[in-house]
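S.K.: with the sequence up front, the predicted model follows.
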Number of protein chains: 2
Amino acid sequence: MENERLILVTNDDSVHAKGIHALVEMAKQFGRVVVVAPDKPQSGMGHAITIHDPIRLSSTAIFGEVEAYSCSGTPVDCVKLGIYEVLHRKPDLIFSGINHGENSSTNVLYSGTMSAAIEGAMEGIPSIGFSLADFDANADFSATQYFGAKIVQQLLDQPISSSVCLNVNVPKLTQSEIQGIQVCKQAHAYWADRFERRKDQHGRDYFWLTGEFSDVDQRPDTDLHALKNGFVSVVPTHFDLTAYETLERIKNWKI
Amino acid sequence: MENERLILVTNDDSVHAKGIHALVEMAKQFGRVVVVAPDKPQSGMGHAITIHDPIRLSSTAIFGEVEAYSCSGTPVDCVKLGIYEVLHRKPDLIFSGINHGENSSTNVLYSGTMSAAIEGAMEGIPSIGFSLADFDANADFSATQYFGAKIVQQLLDQPISSSVCLNVNVPKLTQSEIQGIQVCKQAHAYWADRFERRKDQHGRDYFWLTGEFSDVDQRPDTDLHALKNGFVSVVPTHFDLTAYETLERIKNWKI
């Protein structure tokens, strides 16, 4: 099986999360899977990389016969270490997830799951981040596996630019309840952030980040809209943050 | 001075870095400055937020008469805490930096400095990230202050969409050597990542992230090109990662 497809799998919920085990099971049908994933939860780490600390990488038997490593770093560290220190070549695909919780809309920026996929796109590797809108540690990933496999097959049949990854979000519904798959744009919703202020045993304040998600984007072709209507959302996602419309308007600024 | 402009200043190199002190000095001419910045270096933290740990916020006299807080969290945490727990309102401007080191090209994704500015844009607040292409702890920030102030004034005179922030990078040159200011797009360069593998006192491997920056983007209208030619680069930067060209091509995928 020299030409077997090589698939790097990672996530941000750690090697212990049910979601990555479900993803590995799904991924196996497409090639040889190697896992490099965080040794502890790394949700909300965004595109962070570890530059002030050394990074550890340990072989783990937690995925049975599947070659796997737990890593002390972030999801993006896992992708970099996976390519340059484990595989010593670029894999054919990178899958990240399945995240316990939605990564639609602007959450893509905070998401370790999606940042791993974006890092894959930066390396020119077809990459997909998968998320299920269910934070439960014991969530049912079977519908995500089913629709996820369809999306992988579609990407293999009709490849897209290798500098674009896919952000796949699945609503918390059964396979038969899901209405289908919609390719859409990232909604412009945001978190109305609040902090819970508490006092420690010395009377000093500390804060927990909390907040409410505020969906102010009423456009019908967004990921949030698709999810609300029972569809799996697929957002083609890239790493060029240039605001081109603004660029056109200000490129002749005389300063 | 009820209507005085309110400016939140943060960075990723911590309250102890020379760059943020230079930025505060520059910012003072535009209004009342309040600093909320990390208590330790947070370079490479990207858009990370702290959700698994509590966050501490402490008043600090390190900026003299300027109201200032050091924060145990990430640059994005600092923006959120600054708005919701310190100012209790949205500031009129957010400045981040001055970073010790360049944040051009795809570095924008890894940069805590720029993620703070992007978070500002997500809140609808005019925001600018400033970076100087000099990692030296004692770098000379005077040219960045000079050109930075010009860019701030331009933004005040001709506002842009509040969901777009500016990524300002300054080459390591004196004020008179700098050729001017160019508004440009984010280059598509990348890091050819390598890790330095070492052994600890028990013979176990650990890794330090290293790498070489690979500028494969030869277009003449990028930030990297501007910097190489002695210009200050200004990239209008947003948080919509949708790859619209790909979206157009795949939106009718029949899956």
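M.R.: Thanks, I have it.

S.K.: from chain B, how far off is A:T246?
M.R.: 4 Å (Cβ to the nearest Cβ, to the nearest Å). In short, each C-beta sits where N, CA and C put it, glycine included.

S.K.: sorry, wrong one. I was asking about A:Q186.
M.R.: Distance of A:Q186 to chain B, computed by Cβ to the nearest Cβ: 5 Å.

S.K.: residue contacts, the closest residue to that residue other than its chain neighbours?
M.R.: Spatial nearest neighbour of A:Q186, chain neighbours left out: B:T242 (4.6 Å); criterion: Cβ to Cβ, 6 or more residues apart in numbering or on different chains. Neighbouring residues of B:T242 by Cβ atoms under 8 Å, 6 or more residues apart in numbering or on different chains: A:K185, A:Q186, A:V235, A:P236, A:T237, A:H238.

S.K.: could those residues be laid out in TSV, adding pLDDT and secondary structure?
M.R.: Compiled in TSV, the contacts of B:T242 are given as follows (pLDDT from 0 to 100; DSSP: H, G, I helix; E, B strand; the rest coil):
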residue	pLDDT	secondary structure
A:K185	97	strand
A:Q186	97	coil
A:V235	98	strand
A:P236	98	strand
A:T237	98	strand
A:H238	97	coil
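
S.K.: and A:I7, what element?
M.R.: strand A:6-10 (DSSP states H and E).

S.K.: mind listing the strands that strand pairs with, and their directions?
M.R.: Sheet partners assigned to strand A:6-10 using DSSP bridges are listed as strand A:32-38 (parallel), strand A:93-100 (parallel).

S.K.: tally of neighbours for A:Q158?
M.R.: Using other Cβ atoms under 10 Å in any protein chain shown, the number of residues around A:Q158 comes to 10.

S.K.: also A:C184?
M.R.: A:C184 - counted by other Cβ under 10 Å - has 26 other residues nearby.

S.K.: right, and it touches A:V235 too?
M.R.: Yes: A:C184 is in contact with A:V235 according to Cβ atoms under 8 Å; the separation is 6.0 Å.

S.K.: OK, contacts around A:R219?
M.R.: With Cβ under 8 Å, 6+ apart, A:R219 has these contacts: A:K185, A:A187, A:H225.

S.K.: tell me the pLDDT of the closest residue to A:D221 other than its chain neighbours.
M.R.: Here the nearest residue to A:D221 in space, its sequence neighbours aside, is A:C184; by Cβ to Cβ, 6+ apart that works out to 5.3 Å. pLDDT recorded at A:C184 is 97.

S.K.: list the contacts of A:C184.
M.R.: With Cβ under 8 Å, 6+ apart, A:C184 has these contacts: A:D221, A:T222, A:D223, A:H225, A:A226, A:S233, A:V234, A:V235, B:L247, B:K251.

S.K.: roughly how far apart are the first one and B:G203?
M.R.: Between A:D221 and B:G203 the computed distance is 56 Å (Cβ to Cβ, to the nearest Å).

S.K.: who has more neighbours out of the two?
M.R.: A:D221 (13 against 6).

S.K.: now the helix or strand hosting A:G120: how far from the chain's centre is it?
M.R.: Following DSSP H and E, the helix or strand that holds A:G120 is helix A:112-122. Relative to the mean C-alpha coordinate of its chain, helix A:112-122 is positioned 7 Å out (Cα atoms, centre = their mean, to the nearest Å).

S.K.: can you list the strands that the helix or strand following it pairs with?
M.R.: With elements assigned by DSSP H and E, the helix or strand that comes after helix A:112-122 is strand A:127-132. Each strand paired with strand A:127-132, and its direction, by DSSP bridges: strand A:93-100 (parallel), strand A:165-170 (parallel).

S.K.: tabulate the CA atom coordinates of the last one in PDB.
M.R.: In other words, strand A:165-170. Only the C-alpha atoms of strand A:165-170 are listed here, as PDB (Å, rounded to 0.1, in the frame of the first residue of the first chain):
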ATOM      1  CA  CYS A 165      -9.800  24.600   4.100                       C
ATOM      2  CA  LEU A 166     -13.300  23.700   5.000                       C
ATOM      3  CA  ASN A 167     -15.100  24.600   8.200                       C
ATOM      4  CA  VAL A 168     -17.800  21.900   8.700                       C
ATOM      5  CA  ASN A 169     -20.400  22.300  11.500                       C
ATOM      6  CA  VAL A 170     -23.200  19.900  12.200                       C
END
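
S.K.: roughly how far is that strand from the heart of the chain?
M.R.: The answer for strand A:165-170 is 7 Å, by Cα atoms, centre = their mean.

S.K.: many thanks, I have nothing further to ask.
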